[in-house]
Each structure stands twice: as structure tokens, then as C-alpha cells.
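Undergrad: following is a predicted model, sequence given first.
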Amino acid sequence: MTMSGFAALLPRPVSAEAAPGTCPWPAPVEVRPGANLPAEGYRLTIAPDGVTLEAADAAGEFYGRQTLRQLAGPDAFRAASIHNGPAELPCGTITDHPRFAWRGCLYDVSRHFRTKAEVLRFIDLLAAHKLNVLNLHLTDDQGWRIETPEFPRLTSVGGWRKSSMVGRHDGPERDGRPHGGYYTVDDLREIVAYAASQAVTVVPEVDIPGHARAAITAYPELGPASDTPWEVWTSWGISTSLLDPSESALDFFRTVFDHVLDIFPSQVIALGGDEVPGVTEAHHRFVRAIADHLVARGRTPMGWDEVLDGGDLPAMVIGVWQDRERASLAVKAGHEVVLCPEDGVYLDHRQSDHPDEPIPVGYLQDLEHFYGFEPESGPHVRGVQAQLWSEHLDTVRRTDYAAFPRLSAFAEVAWSSGPRDYAEFLPRLRDHHLPRLDALGVEYRPLDGPRPWQTRPDAPGRPR
């Protein structure tokens with residue numbers, strides 16, 4: 001067994017030392033407490049007679065078992081065994097721990113609803129890549145996805161829209177197809193519990209004071225006076241429909257967030273705060289009041305970096321998406337940051353300049369671009385997060401195409417320290433990891449471009 005065999009792992013381990021021989025798999029695994037291992041760390045010792053797994057904590061044990069799964073070969077990622085007899089694991093020792101504590105992916109289920117089963121599947125895919133945070137974007141202008149018994153119209157009215165824009169354009173064309181759905185409280189509790197079993201924390205996001213048209217449609221008193229009835233938005237982009245920053249609207253959303261806290265045990269709770277056209281000091285006060293409310297309930301608020309413009313915030317986690325200078329501003333104000341820049345890790349942005357690229361929006365961010373993303377480190381950098389906004393991802397097949405294998409490259413950046421070489425990464429991905437995605441049933445983008453059925457000539461894009 002050579003070191004290059006261990007290098008087939010994604011993400012790369014901190015260290016790997018080969019030893020003679022192989023170990024039949026499945027094999028006995030002895031789990032021990034891991035001395036001197038960082039959080040989420042593990043040490044695997046694979047010998048001909050079995051495996052010893054030393055783990056710093058429950059997450060470390062989970063990741064050690066994931067590494068055994070990777071070493072066992074692509075078929076270990078299938079739902080059931082298709083072979084008679086054991087596989088063979090290479091003998092040796094692997095010591096491993098993550099670079100960042102927050103290795104996240106935002107999953108937008110508001111613009112296009114994903115069923116509970118589809119969310120559970122996405123959690124499996126995050127866990128297979130040793131990613132540990134699912135930022136679940138539950139509300140926006142285009143739909144409200146969390147059952148809120150105190151305010152049932154949020155889902156009965158705000159949970160669906162009459163049609164959707166196809167692609168990205170400035171015209172009136174819509175598909176005429178109603179779209180909707182929401183998660184019951186029990187669905188969300190199940191998602192949270194399942195994610196925890198996969199070492200994934202679900203961080204919910206309820207967006208205020210912008211991206212709120214679905215809520216305003218359900219309860220018009222939350223928004224400005226209008227001469228025409230409100231409708232859940234059928235467009236993409238930035239809506240000018242903002243919450244009325246009144247005390248009654250604040251009371252409404254305090255109740256909503258208390259409901260969120262009852263479902264989601266995550267220490268961090270996201271409140272949005274981005275893309276608020278015509279923002280006023282009253283809107284800033286609204287965000288500060290909700291942030292203070294979360295702190296009073298023992299949680300840590302998370303907001304997008306626009307909230308920094310409001311000042312006087314409690315200690316928060318800031319999702320830095322606009323530019324990296326905002327990270328410095330956040331740190332100077334005493335906040336922790338999660339780095340998720342739009343020009344670096346937006347999975348909905350286009351993957352090539354080829355004319356067959358489906359719905360080419362945003363910046364060109366190909367596989368090499370994702371692998372070359374180099375986040376800053378430091379005591380105030382909690383971690384990194386890829387963003388999977390769903391305006392142009394109306395099916396799970398489209399989500400697979402947008403996310404993979406770029407999210408695989410991102411996972412290695414989030415986990416592994418040290419220099420990276422795309423020329424070294426590419427054959428590991430192609431020869432070892434894409435077969436795992438095949439076994440998992442992921443309809444990823446082929447390295448040489450989309451398959452014919454992955455194109456969308458019917459849907460215009462808007463590249464930048």
C-alpha cells in the first residue's frame with residue numbers, strides 16, 4: 001500500500017502512513033477515546049485482523065467510519081451490497097481532523113421546494129463529504145416553507161405561488177404552473193434528528209426584513225399598504241416588498257422565531273438581513289431587535305453581511321457573501337464570520353462558457369475555481385459555506401448538476417489544510433470519487449460538459 005492510495009480520500013487526511021497487508025471488510029471495529037485529537041478528529045489503524053478507531057467525539061467516530069467507507073471502494077456507497085464476500089482495506093494508519101469547524105452548504109428550499117425525502121438525501125450527500133452544517137433557507141419572496149401553527153396562512157397562502165419565471169429575463173413570461181409545499185413541524189424535527197445522526201447541524205433561516213413577500217401576502221398587515229392584493233412573487237431577483245418595521249410586526253416575528261427555536265436546537269439561528277432596497281434605520285432596528293431576542297433566548301444570531309450597516313448588534317455570526325473586506329469589518333465589530341463569497345462558492349452560478357450550459361447565470365465558477373478557493377483562517381473565522389440558491393434549480397436533477405462535483409472540491413477546501421494542486425486533485429476525483437457519486441445516484445455534471453438531457457435551451461440565463 002502506498003501513500004497515493006490513501007490520497008484517494010476526499011477530503012484529504014492530515015496524515016497517512018501505509019503498512020503491509022490488507023484487512024477484509026467488513027471487519028471488527030474497536031472504538032476508543034482519542035487522546036490529543038482535536039474536535040471531530042479521528043485516528044484509524046487498519047491491521048489484517050481488524051480496525052481500531054480512536055475518536056475525539058461522536059463526530060470524529062462518524063468521520064472515521066466514513067473514511068472506512070471511502071477506502072472500501074465505490075460500491076460501499078450503494079444502498080445495499082452487490083457483492084459476495086468481503087472487500088479489502090489497505091493496512092496503515094490515518095490521522096485526520098478538519099480545518100474549519102463550520103463546513104456548510106446553504107440549501108434554498110424556498111424558491112423551489114424540496115420534499116422531506118429530498119432534504120434527507122441531501123444531508124446524506126453532505127455527510128459523505130464530511131460537511132457538517134446545512135443552512136436551510138426556509139422563507140423568501142417566493143414561498144414560506146415552515147409550518148407555523150400560530151399563523152396558519154403563512155403556509156396555506158404563503159406556501160405556494162401561481163407560476164414561476166423560467167430562466168432569468170426581464171419579460172412577463174411565466175410557466176403557468178403552480179408551485180408550493182412546506183414542512184410540517186414533525187417533518188422538520190425528523191430532518192433535524194436525522195441530520196444529527198449524520199454529524200450535520202441544521203441552521204434554519206427565516207429572512208427579515210426583506211425577502212418577505214410570501215409572509216406579507218399571507219398577512220398583509222406585515223407590509224406596506226397596497227392598492228392591489230399581494231401575491232407570492234413569481235419573479236427572481238430582489239423584491240422591493242419589505243416588512244413594515246412596526247412593533248406589531250416585531251411581535252409577529254418574535255413569535256415566529258420562538259417557534260423556530262422550539263424546533264431547531266442549533267446554537268446559531270439565521271435571520272437573513274440581506275438585499276433590503278431602500279433600507280431605513282427603522283429596518284435596522286427591526287433586525288437588531290430580532291437579534292437581541294435570539295440572544296435573550298440563549299442563541300447566537302446569524303445574518304448576511306448587510307446587517308453590519310445597522311451597527312450596535314449583539315455578537316453574531318456574519319455570513320460574508322459580498323466581498324472579503326466585509327469580513328474584516330465584521331471581525332473589527334466583534335463578530336465571527338463564515339466565508340461564503342458570491343464570486344467564490346455560489347453553486348447556482350454557471351460552470352462554463354459553453355453554449356449548452358443550462359441557465360447560465362452569475363459568475364463563471366468552474367470546478368477548478370472551486371478547488372482554488374482559498375479562505376482566510378483566524379480565530380474569528382468560524383468556517384466556510386457553499387451556497388446553493390434554487391431559482392434556476394427546479395428539480396433534484398438540476399440540483400445534482402449544479403452542486404456536484406464542485407461541492408466535492410469545496411469539501412476538500414473546507415476540511416484539508418496545506419497546499420492544493422488541481423492537477424493532483426483531478427485524477428483523484430475522476431478515478432475514485434466520481435464512481436462514488438455514481439453509486440450514490442448523483443446526476444452530477446460530467447467533467448467535459450452537460451449531457452443532452454442536462455441542457456435547458458428553453459430557459460435563458462443572465463451571465464455576468
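TA: Structure's in. What do you need?

Undergrad: tell me which residue is most central in the protein.
TA: For the chain, the residue sitting closest to the mean C-alpha position, by C-alpha atoms, centre = their mean, is residue 105 at 1.7 Å.

Undergrad: in which helix or strand would I find it?
TA: In the assignment (DSSP states H and E), residue 105 maps to strand 102-108.

Undergrad: helices or strands up against that strand?
TA: helix 116-128, strand 133-137, strand 381-388, helix 406-415 (3 or more C-beta pairs under 8 Å, 6 or more residues apart in numbering; DSSP states H and E). C-beta here means a position set from N, CA and C on the backbone, and glycine is covered the same way.

Undergrad: switch the cut-off to 7 Å
TA: strand 133-137, strand 381-388, helix 406-415 (3 or more C-beta pairs under 7 Å, 6 or more residues apart in numbering; DSSP states H and E).

Undergrad: of those, which is nearest residue 356?
TA: With C-beta to C-beta as the criterion, residue 356 lies closest to helix 406-415 of the helices and strands packed on strand 102-108, at 17.4 Å.

Undergrad: on that earlier part again, just give the nearest non-adjacent residue to the residue nearest to the centre of the chain, would you?
TA: residue 386 (4.8 Å; C-beta to C-beta, 6 or more residues apart in numbering).

Undergrad: now swap in residue 217 and tell me
TA: Distances taken as C-beta to C-beta, 6+ apart put residue 230 closest to residue 217, at 4.1 Å, once the chain neighbours are dropped.

Undergrad: just to revisit the earlier point, quick check: pLDDT value at the residue nearest to the centre of the chain.
TA: As predicted, residue 105 sits at a pLDDT of 99.

Undergrad: who's in contact with it?
TA: Residues near residue 105 by C-beta atoms under 7 Å, 6 or more residues apart in numbering: 126, 131, 134-135, 385-386, 388, 407.

Undergrad: out of those, who's nearest residue 111?
TA: Distance ranking of the contacts of residue 105 against residue 111, using C-beta to C-beta, places residue 388 first at 10.5 Å.

Undergrad: neighbours of that closest one, how many?
TA: Residues within reach of residue 388, counting by other C-beta atoms under 10 Å, total 23.

Undergrad: and for residue 91?
TA: Count around residue 91 with other C-beta under 10 Å applied: 18.

Undergrad: is it in a helix, a strand, or coil?
TA: On the three-state scheme (DSSP: H, G, I helix; E, B strand; the rest coil), residue 91 is labelled strand.

Undergrad: doesn't residue 48 make contact with it?
TA: Yes. Counting by C-beta atoms under 7 Å, residue 91 does reach residue 48; the two are 6.3 Å apart.

Undergrad: any common contacting residues for those two?
TA: Common contacts of residue 91 and residue 48 (C-beta under 7 Å, 6+ apart): 21-23.

Undergrad: dump those residues to JSON lines, plus distance to residue 169, pLDDT and neighbour count.
TA: As requested, these are exported to JSON lines (distance: C-beta to C-beta, whole Å; pLDDT from 0 to 100; neighbours: other C-beta atoms under 10 Å):
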{"residue": "21", "distance to residue 169": "61", "pLDDT": "94", "neighbour count": "14"}
{"residue": "22", "distance to residue 169": "57", "pLDDT": "95", "neighbour count": "16"}
{"residue": "23", "distance to residue 169": "57", "pLDDT": "95", "neighbour count": "23"}
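
Undergrad: could you list the domains of the protein?
TA: Domain segmentation of the chain under automatic domain parsing yields 3-96, 102-415.

Undergrad: who's in contact with stretch 8-28?
TA: Under C-beta under 7 Å, 6+ apart, the answer for stretch 8-28 is 1-3, 6, 46-48, 50-51, 67, 70, 72, 86-97, 129-130, 408, 411-412, 415-416, 428, 432-433.

Undergrad: and if you look at stretch 287-300?
TA: Applying C-beta under 7 Å, 6+ apart, the contact partners of stretch 287-300 are 208-209, 250, 253-254, 257, 261, 267-269, 271, 273, 301, 303, 307, 310, 312-314, 316-317.

Undergrad: using PDB, write out every CA atom in that stretch.
TA: As requested, the backbone C-alpha atoms of stretch 287-300 are provided in PDB (Å, rounded to 0.1, in the frame of the first residue of the first chain):
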ATOM      1  CA  VAL A 287     -33.100  43.400  12.700                       C
ATOM      2  CA  ARG A 288     -31.300  44.400  15.900                       C
ATOM      3  CA  ALA A 289     -34.500  43.700  17.900                       C
ATOM      4  CA  ILE A 290     -34.800  40.200  16.500                       C
ATOM      5  CA  ALA A 291     -31.100  39.600  17.000                       C
ATOM      6  CA  ASP A 292     -31.400  40.700  20.600                       C
ATOM      7  CA  HIS A 293     -34.400  38.500  21.000                       C
ATOM      8  CA  LEU A 294     -32.400  35.400  19.900                       C
ATOM      9  CA  VAL A 295     -29.600  36.300  22.300                       C
ATOM     10  CA  ALA A 296     -32.100  36.600  25.100                       C
ATOM     11  CA  ARG A 297     -33.300  33.100  24.300                       C
ATOM     12  CA  GLY A 298     -29.700  31.800  24.600                       C
ATOM     13  CA  ARG A 299     -29.000  31.500  20.900                       C
ATOM     14  CA  THR A 300     -26.500  33.200  18.500                       C
END
